[in-house]
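**Student:** Here you go, sequence then predicted model.
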There are 2 protein chains.
Amino acid sequence: MSRIATVAAAQMGPIEKDEPRQSTVARMISMMRQAKERGADLIVYPELALTTFFPRYWMENEADVDAFFEKEMPSPATQPLFDEAAKLGVGFNLGYAELTEENGRIRHFNTAIIVDREGKIAGKYRKVHLPGHHEHEPWRPFQHLEKAYFEPGNLGFPVFNTMDGIMGMCICNDRRWPETYRCMGLQDVEIIMLGYNTPRHFPQAPEVDRLQDFHNHLSLQAGAYQNGCWVVGVAKAGVEDGCELIGQSVIVAPTGEIVAMTSTMGDEIIVAECDLDRAAKARKARWNWEYNREPRHYGILVDGPGRPAPADD
Amino acid sequence: MSRIATVAAAQMGPIEKDEPRQSTVARMISMMRQAKERGADLIVYPELALTTFFPRYWMENEADVDAFFEKEMPSPATQPLFDEAAKLGVGFNLGYAELTEENGRIRHFNTAIIVDREGKIAGKYRKVHLPGHHEHEPWRPFQHLEKAYFEPGNLGFPVFNTMDGIMGMCICNDRRWPETYRCMGLQDVEIIMLGYNTPRHFPQAPEVDRLQDFHNHLSLQAGAYQNGCWVVGVAKAGVEDGCELIGQSVIVAPTGEIVAMTSTMGDEIIVAECDLDRAAKARKARWNWEYNREPRHYGILVDGPGRPAPADD
């Protein structure tokens, strides 16, 4: 039986601050239909795909922050996307801001889900590596307050058996950490899907702004090659409320080769046929964990520097 | 005080099976002098730099294997390299096959050392990730018997404070594993040095032979970027006893950019000024382990699939 997933990366152009979810979802449905016409049966949307990238704004009022969050999924605003997926038989990966109650308290996560071709949620991931800062830093041309508005994800890096494949997710900054891909690679992941909102300008080291596209691809390609899996990286791109976000969304083969890339900064679909069996083949030929990995020497990866685990998670 | 290391990568062309060490060392001394003339104060030689890449041969006689190993370092044959280093004030990194007695038994390692500008050994590393196979596999056009002729290294991934910097090493196949760079990155390494003998032809998956140079650079560049350190990767290149080894030795900046690359398949020097302070700067701006790493989710990296630790090591 063929295990080809025909995957679309659905890059999105800017979403303005006051654009309602109904409008964003309509754009996403339009792209899902285009993708289906091009043969896709799985479509990947960006991180926080339903709204503007709100961590760029310092907001003191909790209600103003929470307005960017989803209290349920699907919701009346997002149900049409699920309905279209079921109607077309197209699975999808969606990033959104999740507000939920857990352990008796309100919690905020930067979340992504996989929805299968029947429109059912098949997996959830919460962003582990939150970039940015906790406090208002007025010296910056724009804020990056993910550490203020979200908690780090508490689900680890799960993979999901769905749509005849082994699927995993990460989100934006996660892709710069080799640990991200490896945690899923060791679970035999076949496709890693991720969205990103990446400003061209990096205020802490503006001298590397020129390398943002290179670093994006370098991370995605190395993650694919070193773990022998497909990687689909999808941007929200273009100038959003004065802040330029990088584009160049890509689909990367288990060889690390880019097999499709966007060439605009707006809503744009790229499609590739992803042979899922290539993951196991690449892993067996090159990596073969049990035969070649040497975890007895990796202790520092877990015991070394990093954020301490929270007490109440 | 300036912390610029002017580093030479000393790519070597083929070494034939019967070439004596005296000849190889003479080539290395010649390259050390060229490097010094170009301002270098640190020179990096390939993996197993003193002999042909002997794991390509199936040898049943232990003495035939051991003839490729060094029983002491320096030895009469290699002492001139140490003397020249001290005379010129040039440190070096050298890969060789190490035969030693430890824990009451004879042991074989694929080893590299750092020698400082006074000609003293400042650090030792033993290759952790051994590629290839344990048994004779006559179907291959050439063997890759590292797993037969060496034990996996038992020193982990140490770093060394020497020559005004923090130096680390790995060897050939190690560079394909993100764990390698990370184990040293978390110890604040500033330069990672490595040599390689990489056949163009990969018998398990010949369809990716065309990508050998790409995978080499992808691994080195990702390791440098993701850990904010310099990486110096040095080939033994060219056709050695009928087996083609890749070249394209490189010096990679903490941005992941290649700043120097060889363009022949023979003995060739490339030189770059490596500002060691850029490592800490890159790490602080982009990575900041304590603020951004999330080791509580990385347990599988150590507990997941891999070779079990040997009982007697």
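**Tutor:** The structure has been received and is ready for your questions.
**Student:** can you pull out the strands in chain A?
**Tutor:** A:4-11, A:42-44, A:91-102, A:105-115, A:121-126, A:159-162, A:165-171, A:191-196, A:230-235, A:238-240, A:243-245, A:250-252, A:258-261, A:268-275 (DSSP state E).
**Student:** Tell me the buried residues in the third one?
**Tutor:** Okay, so that is strand A:91-102. Judged by neighbour count (16 or more other C-beta atoms under 10 Å in any protein chain shown), strand A:91-102 contains these buried residues: A:91, A:92, A:93, A:94, A:95, A:96, A:97, A:98, A:99, A:100. For the C-beta atoms, the positions are set from N, CA and C on the backbone; glycine is no exception.
**Student:** ok, so of the residues you listed, who is nearest residue A:3?
**Tutor:** residue A:91 (14.1 Å; C-beta to C-beta).
**Student:** For the closest one, list each beta-bridge partner.
**Tutor:** Counting by DSSP bridges, residue A:91 is bridged to residue A:42.
**Student:** close enough to count as contact, it and residue A:44?
**Tutor:** No. Using C-beta atoms under 8 Å, residue A:91 is not in contact with residue A:44; the gap is 9.5 Å.
**Student:** Neighbours of the residue of the stretch 51-200 of chain A found nearest chain B, how many?
**Tutor:** Per C-beta to the nearest C-beta, the residue of the stretch 51-200 of chain A with the smallest distance to chain B is residue A:178, at 3.5 Å. Residues near residue A:178, counting by other C-beta atoms under 10 Å in any protein chain shown, number 26.
**Student:** Do a quick rundown of the helices in chain A.
**Tutor:** A:21-37, A:62-66, A:79-88, A:146-149, A:178-185, A:212-227, A:277-282, A:289-292, A:299-303 (DSSP state H).
**Student:** Assess the claim that residue A:47 and residue A:237 are in contact.
**Tutor:** No. Counting by C-beta under 8 Å, residue A:47 sits too far from residue A:237 to count as a contact (11.7 Å).
**Student:** give me the low-pLDDT residue ranges for chain A?
**Tutor:** A:1 (pLDDT under 70).
**Student:** For residue A:268, see how far away the residue most central in space within it is.
**Tutor:** The centroid of chain A falls nearest to residue A:194 when counting by C-alpha atoms, centre = their mean (2.5 Å). The gap separating residue A:194 from residue A:268 is 17 Å, by C-beta to C-beta, to the nearest Å.
**Student:** For residue A:57, list the residues it contacts.
**Tutor:** Contacts for residue A:57 (C-beta atoms under 8 Å, 6 or more residues apart in numbering or on different chains) come out as A:17, A:143, A:145.
**Student:** Return the member of the residues you listed nearest to residue B:293.
**Tutor:** Of all the contacts of residue A:57, residue B:293 sits closest to residue A:145, with 19.7 Å by C-beta to C-beta.
**Student:** Please name the nearest non-neighbouring residue to that closest one.
**Tutor:** Once flanking residues are discounted, residue A:145 sits nearest to residue A:55: 4.5 Å by C-beta to C-beta, 6 or more residues apart in numbering or on different chains.
**Student:** Look at the one you found and say how many residues are nearby.
**Tutor:** When neighbours are counted by other C-beta under 10 Å, residue A:55 registers 26.
**Student:** rewinding a little: mind picking the two most distant members of the buried residues of strand A:91-102?
**Tutor:** Spanning the widest gap among the buried residues of strand A:91-102 are A:91 and A:99, at 24.5 Å by C-beta to C-beta.
**Student:** My read is that residue A:245 contacts residue A:197, right?
**Tutor:** Yes. Counting by C-beta under 8 Å, residue A:245 touches residue A:197, with 5.7 Å between them.
**Student:** Touching both of those two, which residues are there?
**Tutor:** Any residue near both residue A:245 and residue A:197 by C-beta under 8 Å, 6+ apart counts here, and that gives A:53, A:235, A:236.
**Student:** Make a ChimeraX selection of the buried ones in these.
**Tutor:** To isolate the buried members of these in ChimeraX, using 16+ other C-beta under 10 Å:
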select /A:53,235,236
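**Student:** could you dump the shared contacts of residue A:245 and residue A:197 to CSV with distance to chain B?
**Tutor:** Listed next are these as CSV, based on distance: C-beta to the nearest C-beta, whole Å:
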residue, distance to chain B
A:53, 19
A:235, 19
A:236, 21
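**Student:** can the shared contacts of residue A:245 and residue A:197 go into TSV with extra columns for distance to residue B:28?
**Tutor:** Converted to TSV, the shared contacts of residue A:245 and residue A:197 look like this (distance: C-beta to C-beta, whole Å):
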residue	distance to residue B:28
A:53	54
A:235	48
A:236	53
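**Student:** Can you tell me which of the shared contacts of residue A:245 and residue A:197 lies closest to residue B:183?
**Tutor:** Using C-beta to C-beta, residue A:235 comes nearest to residue B:183 of the shared contacts of residue A:245 and residue A:197, at 31.7 Å.
**Student:** Can you name the residues that contact that closest one?
**Tutor:** Residues in contact with residue A:235 (C-beta under 8 Å, 6+ apart) are A:11-12, A:46, A:195-198, A:245-249, A:262.
**Student:** before we move on, the earlier item: return the most buried member of the helices of chain A.
**Tutor:** Among these, helix A:178-185 has the highest mean neighbour count (mean count of other C-beta atoms under 10 Å in any protein chain shown), at a mean of 26.
**Student:** what about that helix, distance to the chain center?
**Tutor:** In terms of C-alpha atoms, centre = their mean, to the nearest Å, the centre of helix A:178-185 is set 14 Å apart from its chain centre.
**Student:** shouldn't residue A:100 be in contact with residue A:107?
**Tutor:** Yes. Counting by C-beta under 8 Å, residue A:100 touches residue A:107, with 5.5 Å between them.
**Student:** Need the overlap of contacts for the two.
**Tutor:** Taking C-beta under 8 Å, 6+ apart as the contact rule, residue A:100 and residue A:107 touch no residue in common.
**Student:** For residue A:151, which residues are in contact?
**Tutor:** Residues in contact with residue A:151, defined by C-beta under 8 Å, 6+ apart, are A:107, A:108, A:109, A:310, A:313.
**Student:** Pull the number of nearby residues for residue A:107.
**Tutor:** Look at residue A:107: counted by other C-beta under 10 Å, it has 15 neighbours.
**Student:** meant to ask about residue A:255, not that
**Tutor:** Residues near residue A:255, counting by other C-beta under 10 Å: 22.
**Student:** how much space between it and chain B?
**Tutor:** To chain B, residue A:255 is 6 Å away according to C-beta to the nearest C-beta, to the nearest Å.
**Student:** shouldn't that residue be in contact with residue B:211?
**Tutor:** Yes. Between residue A:255 and residue B:211 there is a contact at 5.9 Å, judged by C-beta under 8 Å.
**Student:** Spit out the contact partners of the nearest residue to residue A:155 once chain neighbours are set aside.
**Tutor:** If the residues on either side of it in the chain are set aside, residue A:155 comes closest to residue A:126, at 5.1 Å by C-beta to C-beta, 6+ apart. Residues in contact with residue A:126 (C-beta under 8 Å, 6+ apart) are A:98, A:109, A:110, A:111, A:152, A:153, A:154, A:155.
**Student:** again, 10 Å this time
**Tutor:** Listed by C-beta atoms under 10 Å, 6 or more residues apart in numbering or on different chains, the contact partners of residue A:126 are A:98, A:100, A:107-112, A:150-156, A:158, A:169, A:171.
**Student:** Going through those, which ones are buried?
**Tutor:** Buried members of the contacts of residue A:126, counted by 16+ other C-beta under 10 Å: A:98, A:100, A:108-112, A:150-154, A:156, A:158, A:169, A:171.
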